[in-house]
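Enquirer: here is the input, now give the coordinates:
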Amino acid sequence: MNSVIIDTDPGLDDAVAILFALNSRCFDVRGITTVAGNLGIDVTTRNAGRLLALAGRSDIPVISGATAPLTRPAIDEAAIHGDDGLGGATLPEPLRPAETDAALWLERKLLASPERSLDILALGPLTNLALLIARAPEAASRIGRIIAMGGAIDERGNVGPRSEFNLAFDPEAAAAVLASGIGLTLIPLDVTRKVRADAAYIERLRTGGPAARASADLIAAYFQNGRESRPLHDPCVMLYAAAPEIFGIDNLTLSVDLVTDPGTLERDASGYAVKVALAIDAAAAKDVLAEGLLRD
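Expert: Numbering: from 1, shown residues only. Next up is the predicted model:
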């Protein structure tokens, strides 16, 4: 079982990813750190607590983190995720108050845990991790690996021509994480756009328990403008951690554009070594996700 900390900005697809992590029994979730991204920090933090309340996991702490990118103004995604971040889905209120200062909490948690025993599953902008690296590099070096949803390699972007939201929201943070030397696997739009939920998939989830039914509601809220399917971006992070055999990984040398199309990943011989998922068995991925959410 993977011991993990989830760093997240829930967010509809973040919420499905978190419910999978909590319900699938593939993960020992030690904490959820929140970051401003899809919405402001108060909303993302409350949503993390609401998802834990649905799962009955009052033992897992929520720790609020960065309220804005390191140096840039924020990008608002309320038009996609709704003002509450969860498309109006009905969830209980948090069972315990959130703690504060995610970077400090991460520092203490990593220093108190065996070296390389905790992985970070990063579903949002990488601001919390950049702050950790800057303030406590010795603690950051103890991370087992970071698996992050972010970027686009050969795919078009969803913010700029080639930039993806999580990296475009805070490109300086993304650059700091790449440069840190911590083992990083990126799950870019190149694979996440291939894992798409449609109406039949939603109905499959509605046959399950609370996690599956809530996920069905969240995915349904993600459909807009008559679309017949939506990509499940953030769950692909959990799927890679749980079932890496369904992904194809390339070793690339990358840098982050900070000027022209901020957040764009550039193939760069003088950049940093990163593992990047560029292939996926999409049907198998959806089966693994459904099976984890439907587990009693």
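Enquirer: residue ranges with poor pLDDT in the stretch 51-200 of the chain?
Expert: For the stretch 51-200 of the chain, applying pLDDT under 70 flags the ranges 76-85.
Enquirer: recalculate using a threshold of 90.
Expert: 74-90 (pLDDT under 90).
Enquirer: show me the strands in it, by range?
Expert: 62-64, 99-100, 119-122, 146-149, 184-187, 196-198 (DSSP state E, counting those that start in this stretch).
Enquirer: tell me which of those strands lies nearest to Thr8.
Expert: Thr8 sits nearest to strand 119-122 of all the strands of the stretch 51-200 of the chain, at 7.7 Å, using Cβ to Cβ. C-betas here are computed from N, CA, C, even on glycine.
Enquirer: what lines up beside that closest one in the sheet?
Expert: Take DSSP bridges as the rule and strand 119-122 pairs in its sheet with strand 2-8 (parallel), strand 146-149 (parallel).
Enquirer: which of the ones you listed sits most buried?
Expert: strand 146-149 (a mean of 26; mean count of other Cβ atoms under 10 Å).
Enquirer: nearest to Ala214, of the strands paired with strand 119-122?
Expert: Nearest to Ala214 among the strands paired with strand 119-122 is strand 2-8 (15.8 Å), distances taken as Cβ to Cβ.
Enquirer: ok, residues contacting the closest one?
Expert: The contact list for strand 2-8, computed with Cβ atoms under 8 Å, 6 or more residues apart in numbering, reads 14, 17-18, 21, 26-35, 44, 48, 65, 102, 106, 109, 113, 117-124, 126, 128-129, 234, 241-242.
Enquirer: check stretch 188-201 too.
Expert: By Cβ under 8 Å, 6+ apart, stretch 188-201 touches 149-158, 164, 219, 222, 228-236, 239, 247, 265, 276-280, 282, 285-286, 289-290.
Enquirer: angles on the backbone of the most centrally placed residue in the chain, please.
Expert: For the chain, the residue nearest the mean C-alpha position is Leu123 (1.2 Å; Cα atoms, centre = their mean). In terms of degrees, to the nearest 10, the main-chain angles of Leu123 are phi -110, psi 0.
Enquirer: any idea how far it lies from Asp217?
Expert: According to Cβ to Cβ, to the nearest Å, Leu123 and Asp217 sit 19 Å apart.
Enquirer: ditto for Ile182
Expert: Taking Cβ to Cβ, one finds Ile182 at 35 Å from Asp217.
Enquirer: now do Ala74
Expert: Counting by Cβ to Cβ - Ala74 and Asp217 are separated by 27 Å.
Enquirer: comparing the two, which residue is more hemmed in?
Expert: Asp217 (21 against 15; other Cβ atoms under 10 Å).
Enquirer: before we move on, back to that, save the strands paired with strand 119-122 as TSV, and put in distance to Thr192 too.
Expert: Listed next are the strands paired with strand 119-122 as TSV, based on distance: least, Cβ to Cβ, whole Å:
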stretch	distance to Thr192
strand 2-8	15
strand 146-149	7
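Enquirer: nearest to Leu294, of the ones you listed?
Expert: strand 2-8 (20.0 Å).
Enquirer: next SSE after that closest one?
Expert: Following strand 2-8 in sequence order, the next helix or strand is helix 12-23 (DSSP states H and E).
Enquirer: can you point out the buried residues in that next one?
Expert: Leu12, Asp13, Asp14, Ala15, Val16, Ala17, Ile18, Leu19, Phe20, Ala21, Leu22, Asn23 (16 or more other Cβ atoms under 10 Å).
Enquirer: cool, and stretch 28-39?
Expert: Buried-residue list, stretch 28-39, by 16+ other Cβ under 10 Å: Val29, Arg30, Gly31, Ile32, Thr33, Thr34, Val35, Ala36, Gly37, Asn38, Leu39.
Enquirer: now do that stretch: distance to the chain's middle.
Expert: 8 Å (Cα atoms, centre = their mean, to the nearest Å).
Enquirer: go on, stretch 220-238?
Expert: For stretch 220-238 - counting by Cα atoms, centre = their mean - the centre lies 14 Å from the chain centre.
Enquirer: buried residues in that stretch, which are they?
Expert: 220-223, 230-238.
Enquirer: which stretches of the chain form helices?
Expert: 12-23, 41-55, 78-81, 102-112, 127-135, 137-140, 165-169, 171-179, 189-192, 199-205, 210-222, 235-242, 282-294 (DSSP state H).
Enquirer: need the ones you listed in a markdown table (columns: distance to Ala269).
Expert: Shown next, in a markdown table, are these (distance: least, Cβ to Cβ, whole Å):
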| stretch | distance to Ala269 |
| --- | --- |
| helix 12-23 | 33 |
| helix 41-55 | 37 |
| helix 78-81 | 36 |
| helix 102-112 | 32 |
| helix 127-135 | 24 |
| helix 137-140 | 25 |
| helix 165-169 | 20 |
| helix 171-179 | 14 |
| helix 189-192 | 21 |
| helix 199-205 | 41 |
| helix 210-222 | 38 |
| helix 235-242 | 26 |
| helix 282-294 | 31 |
